[in-house]
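Visitor: What follows is a predicted structure for the sequence shown.
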Amino acid sequence: MDVVTLTPADADATVALWGACNLTRPWNDAHADYARALAGPSSTVLGVRDGEALVGTVMVGGDGHRGWVYYLAADPGRRGEGIGRALMAAAEGWLVAHDLPKVQFMVRTANTEVLTFYARLGYEEQDVVVLGRRLDAPAH
């Protein structure tokens, strides 16, 4: 299974796949996320194709200390074929090549199927709390 670096021309297909995998939210601009990932040297989006069809993606980047993975998506009709596993291996390889010794990511707690997938890959829940707020909304 070949994992390739995606380009700006892949934006619509990528965002459509993210939507089909229930990874997008109305308050996040997925197209902007995609463009930002491709714009800088510290992140990218990788993908798997079957012919012309995009069947899997992962966004990967580093903050200088840790590697981060976002938007891991495998076509829902193609799950169980190793697409997600291949993409995570490629993301880990990208992080190692960029000298980032740790990878982490966030999964919604209700997404138990995905949590099981990551556990099978050897990932463990970390003893941290993720905090955040929108910067385009007024602080309280």
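Guide: Here it is on my side, so go on. Numbering: from 1, shown residues only.

Visitor: Next, residue 85: phi, psi?
Guide: phi -60, psi -40 (degrees, to the nearest 10).

Visitor: typo on my end, it should be residue 117
Guide: When read as degrees, to the nearest 10, the backbone of residue 117 gives phi -60, psi -50.

Visitor: Buried residues of the lowest-mean-pLDDT helix or strand in the chain, list them for me.
Guide: Scoring the helices and strands of the chain by mean pLDDT, DSSP states H and E places helix 112-120 at the bottom, with a mean of 89. Neighbour counts using 16 or more other C-beta atoms under 10 Å place 114, 117-118 of helix 112-120 among the buried residues. The way it works is simple: take the backbone N, C-alpha and C, and place the C-beta from them, glycine included.

Visitor: now the helix or strand in which residue 71 is found: how far from the chain's centre is it?
Guide: According to DSSP states H and E, residue 71 maps onto strand 67-74. Relative to the mean C-alpha coordinate of its chain, strand 67-74 is positioned 1 Å out (C-alpha atoms, centre = their mean, to the nearest Å).
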